[in-house]
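Trainee: Got a predicted structure plus its sequence, pasted below:
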Amino acid sequence: MRRIFLAGIALMAFTVTPASLAQVQVAPDLSVFAEYNDDSNMVIDHEGWSVILRGIVLNVPPMDRDPERTRPVQTGTRINTANTTRYRHESNRIVYHVMNDEYREGITFLREDLEALPTQIGGLDRLNRDEQLAYWFNLYNVTIIEQTMLNYPVRWINRMEAYGSDENVFDAKILEVEGQRLSLNDIRHGIVYANWDDPRVMYGFFNGSVGSPELRRSAYTGAGIWQQLDATAREFVNALRGVEVSQRELRVSEAYDEARVLFPDFETDLRAHLLRFANEETAEQLRDDRPVAATVSDWQVADMINGSRRCTGVAGPSTMASYAFGSDPQSQPTGVVANCATMPTNAAILMSAVRERRIELLNEGRYGEVFTIDLPTLDTGSSTDADASETADEDGTE
């Protein structure tokens, strides 16, 4: 097996150079990305991206299906910069406001490394389908995080322009792969949705917002990609930002409408898909014959402080660097949150909800899930029914 390593975090200084949008915008030939080699044993090692993700992503456990209704209030002011949607305590978050130079430089370096990789190995068509899919997910996700990082602080992802340009971040040709100038929408719609006829692929794309399928704390890999997508699908389908029921409608995320090509008979195929990943509570709501409306959205940035540098109280913005993302929630004082001197108010509100939910899940014995995957044996290279098992905590670690 040939393994291709990516550089991961760079320990030297790199210059962040925005893509030059002065070039003539030529429609890319996306057909060059339709070929693959399923006999290939070439593997891309994405551990460098996993290392970065574990350092910048806050695990938010799955919340219950009771929407947040009370408006979060900041003491001493009527100005509210927090996310006030019903979905504000869902989805993993990126700690942009405390990201240091090492992570910023490492993210840019990794994006550049991913862009160059296909040319270095002689073309993506040398990879099998699963390795290609993992590649596109990781390139897309690292790029949207880099773009948000370069524009930060920013509040609304769908209004964000590509860094150094006046084009929307999803439409601008900010990437170059095998000589083709690509946008994020080219990757999602023109490559992945066009070449993978499986609705699960929609969950691999993190668009930077709270309303998106969440960003995992580990990179997508060819070997585990379908188990990873299944786990991300379960989180999203059973979250309110994925599926919400009103008296008259089955309200689902607008992400399903954007991926409509994956659901030819939209309502029928979508219901079947949702039931595949729904838990008991969600499945009960899905069985009612309400018309589908893909109207659920939250485009506010999936960060800790909703794109705001503002902090009320005795101190200005400070860091969360000392917070242990993987620490035992039971070791944290119940009902106690850091004040503005140690954590911005918006972040403290979210952290209080996260801590309470983790304790609740631990007390109920529901914190964690187990799934099995097939791995090739060392002697024959064939798969058995259960050669190995992996345990994945619901906080996203593997």
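Mentor: Thanks, I have it.
Trainee: all strands of the stretch 1-150 of the chain, in order?
Mentor: Applying DSSP state E, counting those that start in this stretch to the stretch 1-150 of the chain gives strands spanning 2-5, 42-45, 57-58, 93-94.
Trainee: what would these look like in JSON lines with distance to R104?
Mentor: Backbone N, C-alpha and C define where each C-beta goes, glycine included. Conversion of the strands of the stretch 1-150 of the chain to JSON lines gives the following (distance: least, Cβ to Cβ, whole Å):
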{"stretch": "strand 2-5", "distance to R104": "22"}
{"stretch": "strand 42-45", "distance to R104": "22"}
{"stretch": "strand 57-58", "distance to R104": "15"}
{"stretch": "strand 93-94", "distance to R104": "12"}
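Trainee: closest one to L270 among the ones you listed?
Mentor: When these are compared by Cβ to Cβ, strand 93-94 sits nearest L270, at 27.4 Å.
Trainee: in this protein, which helix has the most residues?
Mentor: helix 129-151 (DSSP state H).
Trainee: so what secondary structure elements neighbour that helix?
Mentor: Other elements packing on helix 129-151 under the criterion 3 or more Cβ pairs under 8 Å, 6 or more residues apart in numbering; DSSP states H and E are strand 42-45, helix 47-56, helix 101-120, strand 175-177, helix 184-185, helix 225-237.
Trainee: and the angle from it to helix 101-120?
Mentor: Relative orientation of helix 129-151 and helix 101-120, computed by axes from the mean of the first three to the mean of the last three Cα atoms, to 10 degrees: 140 degrees.
Trainee: G122 and D130, how far apart?
Mentor: According to Cβ to Cβ, to the nearest Å, G122 stands 19 Å off from D130.
Trainee: more crowded one of these two?
Mentor: Taking neighbours as other Cβ atoms under 10 Å, G122 and D130 compare with D130 leading, 18 against 9.
Trainee: how close does Y203 get to N279?
Mentor: Relative to N279, Y203 is positioned 16 Å away (Cβ to Cβ).
Trainee: More neighbours: the two, which one.
Mentor: Neighbour totals were compared for Y203 and N279, and Y203 leads with 26 against 12 (other Cβ under 10 Å).
Trainee: Enumerate every residue touching the more buried one.
Mentor: Contacts for Y203 were tallied using Cβ atoms under 8 Å, 6 or more residues apart in numbering; they are P213, L229, T232, A233, F236.
Trainee: of all the residues you listed, which two lie farthest apart?
Mentor: L229 and F236 (10.3 Å).
Trainee: who has more neighbours, the two?
Mentor: Using other Cβ under 10 Å, the more surrounded residue of L229 and F236 is F236, with 25 against 22.
Trainee: surely the more buried one meets E214?
Mentor: Yes - shown here, F236 and E214 form a contact pair, counting by Cβ atoms under 8 Å, at 7.0 Å.
Trainee: hmm, back to that, return the closest of the contacts of Y203 with respect to E178.
Mentor: Looking across the contacts of Y203 and measuring by Cβ to Cβ, the closest to E178 is L229, at 24.8 Å.
Trainee: residues contacting that closest one?
Mentor: Applying Cβ under 8 Å, 6+ apart to L229 gives the contacts R200, V201, Y203, G204.
Trainee: Return the distance of it relative to E235.
Mentor: Distance check for L229 against E235: by Cβ to Cβ, it reads 11 Å.
Trainee: Check A134 too.
Mentor: A134 is 19 Å from E235, by Cβ to Cβ.
Trainee: Repeat that for E267.
Mentor: 23 Å.
Trainee: now D198
Mentor: Taking Cβ to Cβ, one finds D198 at 18 Å from E235.
Trainee: And for E356?
Mentor: The gap separating E356 from E235 is 18 Å, by Cβ to Cβ.
Trainee: Same drill for those two, tell me which one is more crowded.
Mentor: Shown here are E356 and E235; by other Cβ under 10 Å, E235 has more neighbours (22 against 16).
Trainee: residues in contact with that one?
Mentor: P62, P213, E214.
Trainee: List just the nearest of the residues you listed to N92.
Mentor: E214 (4.6 Å).
Trainee: who's in contact with that closest one?
Mentor: Counting by Cβ under 8 Å, 6+ apart, E214 touches V60, S91, N92, F206, T232, E235, F236, A302, G396.
Trainee: Closest one to D29 out of those residues, please.
Mentor: F206 (26.4 Å).
Trainee: sec struct for the residue nearest to the closest one when sequence neighbours are not counted, please.
Mentor: In space, and not counting its chain neighbours, F206 is closest to L215: 4.1 Å by Cβ to Cβ, 6 or more residues apart in numbering. With DSSP: H, G, I helix; E, B strand; the rest coil as the basis, L215 sits in coil.
Trainee: And the pLDDT for L215?
Mentor: On pLDDT, L215 comes in at 97.
Trainee: Equivalent analysis for the one 3 residues further on, please.
Mentor: S218 is assigned a predicted lDDT (pLDDT) of 97.
Trainee: bridging residues for V296?
Mentor: With DSSP bridges as the criterion, V296 is bridged to S253.
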